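**Student:** can you look at this prediction? I've put the sequence above it.
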Amino acid sequence: MPEDSGNKLTMVTCSAPVNIAVIKYWGKRDEELILPINSSLSVTLHQDQLKTTTTVACSRSFQEDRIWLNGKEEDITQPRLQSCLREIRRLARKRRSDGEVDVDTAGLSHKVHICSVNNFPTAAGLASSAAGYACLVYTLSRVMGVEGELSVVSRQGSGSACRSMYGGFVQWIMGEQGDGKDSLAQQVEPETHWPELRVLVLVVSAERKPVGSTSGMQTSVETSSLLKHRADSVVPARMKEMIEAVHKRDFTAFAELTMKDSNQFHATCLDTYPPIFYLNDVSRRVINLVHRYNRHYRETKVAYTFDAGPNAVIYTLQQNVEEFVQVVKHFFPPEINGGQFLKGLPVAPTTLSEELKQAIGMEPMVKGISYIISTKAGPGPRVMEDPSEHLLGSDGLPKESA
Ligand code: DP6
């Protein structure tokens with residue numbers, strides 16, 4: 001526990017991962033507590049490629065709670081931020097009154113300064129709220145000496161954030177209670193369980209910002225009968241099958257459930273009134289490409305999934321990565337003078353057989369995909385021990401680089 005004496009700062013920096021659901025969360029039964037209408041399951045992505053870093057400082061000299069996100073000061077009174085702050089402070093107070101010895105009481109009476117950055121461009125449209133709220137809650141808990149189950153807190157920042165509190169394969173159990181105490185995330189398997197599993201994020205060039213998940217799912221709950229059917233009758237069985245596929249490292253079952261669940265989620269978006277469209281032309285081409293690739297091999301080697309935007313996330317096994325990346329490059333030729341097309345884990349170039357190209361048989365679409373991030377499953381949030389990683393300076397204000 002960092003020391004706090006006089007006007008000194010107590011400062012902790014942590015990082016947290018992004019997660020991509022293979023059984024989707026879509027729809028709330030309680031807007032305020034963020035309680036879902038169905039359980040969901042995701043893979044936590046490796047922080048070497050995608051992460052949020054957050055520094056929390058507290059000091060007697062701070063006048064008010066403040067927050068800076070990606071270099072810009074934001075409104076701390078925003079209800080979801082307030083829920084997370086209030087919950088962590090409540091848990092810290094509880095620990096103190098329960099007689100826990102080493103609880104840092106400073107964090108309770110003092111105001112906090114929070115500074116958070118992503119290591120990926122916000123404009124890429126990758127789910128950043130999950131990593132953001134997971135990191136906020138994790139860092140606050142470390143500053144205030146709170147331990148134990150914290151996914152119920154990060155859930156109140158953004159539903160999907162509860163799954164970013166763990167590494168590997170994570171389920172969010174929807175729960176039944178009205179107070180949300182049983183609506184929490186649990187690790188199904190750690191990231192080491194399936195080392196051959198690889199992830200490719202295909203960042204699609206989008207013209208405009210799609211409808212946000214929060215308001216999108218609200219309209220779906222109000223208007224889509226397909227969503228009700230999905231939550232009541234489809235997801236419970238799918239969760240069981242998916243957990244089994246993960247336990248057994250059964251890629252075929254994992255991949256097929258992933259694609260079907262993404263498709264059903266987007267079908268509920270079309271069933272929403274007025275309809276919501278997250279997939280665009282490029283997304284649909286990626287879907288076709290994957291099915292044609294799998295059909296050629298008569299084997300499900302690659303799976304796609306899409307969230308509330310046009311970016312495709314591909315799950316495949318190590319042995320297929322080089323060829324599939326080459327296929328993407330061939331059918332979505334990168335911009336000639338653009339930046340780096342492939343980021344993240346290195347992927348060696350390879351040559352495609354004429355037979356494969358013909359079997360796929362699509363017209364190449366120039367610039368449809370801006371770049372690929374190659375990654376894999378990774379661990380949950382962690383404390384960064386090196387003080388040079390702090391995003392706030394000794395004055396409690398963001399450093400130049402943050
Ligand atoms: C399509 O967690 O962003 O990515 O709880 O309103 O903050 P709020 O929504 P959010 O929704 C994510 C929806 C999704 C599917 C998923 O991640 O399970």
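**Tutor:** Looks like it arrived, so ask away.

**Student:** quick check: which helices or strands does the helix or strand hosting N320 pack against?
**Tutor:** Using DSSP states H and E, N320 maps to helix 318-331. Contacts defined by 3 or more Cβ pairs under 8 Å, 6 or more residues apart in numbering; DSSP states H and E place helix 318-331 against strand 197-204, helix 281-297, helix 354-360, strand 369-376. Heads up, the C-betas are built off the backbone N, CA and C, glycines and all.

**Student:** mean pLDDT added to the ones you listed, as TSV?
**Tutor:** Output for these, formatted as TSV (pLDDT from 0 to 100):
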stretch	mean pLDDT
strand 197-204	96
helix 281-297	98
helix 354-360	97
strand 369-376	95
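
**Student:** picking up where we left off before, what comes into contact with the helix holding N320?
**Tutor:** Under the contact criterion Cβ atoms under 8 Å, 6 or more residues apart in numbering, helix 318-331 has outside partners 195-198, 200, 202, 285, 289, 293, 301-302, 314, 316, 341-342, 347-352, 356-357, 360, 362, 364-365, 369, 372, 374.

**Student:** before we move on, back to that, CSV for the helices and strands packed on helix 318-331, including distance to G178 and mean neighbour count?
**Tutor:** Below are these laid out as CSV (distance: least, Cβ to Cβ, whole Å; neighbours: other Cβ atoms under 10 Å):
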stretch, distance to G178, mean neighbour count
strand 197-204, 36, 23
helix 281-297, 37, 18
helix 354-360, 51, 13
strand 369-376, 38, 22
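
**Student:** just so I know, which of those lies nearest N118?
**Tutor:** In terms of Cβ to Cβ, the element of the helices and strands packed on helix 318-331 nearest to N118 is strand 369-376, at 12.6 Å.

**Student:** next structured bit after the closest one?
**Tutor:** Once the chain leaves strand 369-376, the next helix or strand it forms, by DSSP H and E, is strand 382-383.

**Student:** which residues does that following strand contact?
**Tutor:** By Cβ under 8 Å, 6+ apart, the list of residues contacting strand 382-383 from outside reads 12-15, 47, 142.

**Student:** out of those residues, which is nearest to the ligand?
**Tutor:** Ranked by distance to the ligand (Cβ to the nearest ligand atom), these are led by Q47 at 17.6 Å.

**Student:** once you drop chain neighbours, what's closest to the closest one?
**Tutor:** Ranked by Cβ to Cβ, 6 or more residues apart in numbering and with sequence neighbours excluded, the top spatial neighbour of Q47 is P17, at 5.0 Å.

**Student:** next: R80.
**Tutor:** Leaving aside its sequence neighbours, R80 sits nearest to G157 (Cβ to Cβ, 6+ apart; 5.1 Å).

**Student:** for that neighbour, which three-state class applies?
**Tutor:** coil (DSSP: H, G, I helix; E, B strand; the rest coil).

**Student:** wait, it touches Y133, no?
**Tutor:** Yes. Assessed by Cβ atoms under 8 Å, G157 is found in contact with Y133 at 3.0 Å.

**Student:** between those two, which has more neighbouring residues?
**Tutor:** Y133 (31 against 26; other Cβ atoms under 10 Å).

**Student:** so who does that one touch?
**Tutor:** Neighbours of Y133 in contact, by Cβ under 8 Å, 6+ apart: 80, 84, 154, 157-158, 161, 164.

**Student:** how about residues contacting the longest helix anywhere in the chain?
**Tutor:** With DSSP state H setting the assignment, residue counts place helix 251-271 as the longest helix in the chain. With contacts defined as Cβ under 8 Å, 6+ apart, helix 251-271 is touched by 22-24, 26, 197, 216, 220, 223-227, 230, 234, 238, 241-242, 244-246, 275-279, 290, 299-306, 315, 317.

**Student:** up against the ligand, what does this structure have?
**Tutor:** The chain comes close to the ligand at residues 21, 24-26, 34, 40, 127, 129, 158-160, 213-214, 307-308, as judged by Cβ under 6 Å from any ligand atom.

**Student:** which residues touch the nearest residue to I360 once chain neighbours are set aside?
**Tutor:** Nearest non-adjacent residue to I360, counting by Cβ to Cβ, 6+ apart: R292, 4.6 Å away. Contact analysis of R292 by Cβ under 8 Å, 6+ apart lists 359-362.

**Student:** where does this structure dip in pLDDT?
**Tutor:** 1-7, 100-107, 123-124, 127, 207, 336-339, 402 (pLDDT under 70).

**Student:** all helices of it, in order?
**Tutor:** 79-97, 106-109, 129-143, 151-154, 213-223, 225-229, 235-248, 251-271, 281-297, 318-331, 354-360.

**Student:** report the angle between the longest one and helix 281-297.
**Tutor:** What it means is helix 251-271. 150 degrees (axes from the mean of the first three to the mean of the last three Cα atoms, to 10 degrees).

**Student:** let's see helix 251-271 as CSV, backbone CA atoms only.
**Tutor:** Provided in CSV are the C-alpha atoms of helix 251-271 (Å, rounded to 0.1, in the frame of the first residue of the first chain):
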residue,chain,number,x,y,z
PHE,A,251,-12.4,-25.2,-32.3
THR,A,252,-15.2,-26.3,-34.7
ALA,A,253,-17.9,-26.0,-32.0
PHE,A,254,-16.4,-22.8,-30.7
ALA,A,255,-16.2,-21.2,-34.1
GLU,A,256,-19.7,-22.2,-35.3
LEU,A,257,-21.4,-21.0,-32.1
THR,A,258,-19.4,-17.8,-32.3
MET,A,259,-20.6,-17.0,-35.9
LYS,A,260,-24.2,-18.1,-35.2
ASP,A,261,-24.3,-15.9,-32.1
SER,A,262,-22.9,-12.9,-33.9
ASN,A,263,-25.4,-13.4,-36.7
GLN,A,264,-28.3,-13.7,-34.3
PHE,A,265,-27.3,-10.5,-32.5
HIS,A,266,-27.2,-8.6,-35.8
ALA,A,267,-30.6,-10.2,-36.7
THR,A,268,-32.1,-8.8,-33.5
CYS,A,269,-30.7,-5.4,-34.5
LEU,A,270,-32.6,-5.7,-37.8
ASP,A,271,-35.6,-6.8,-35.9
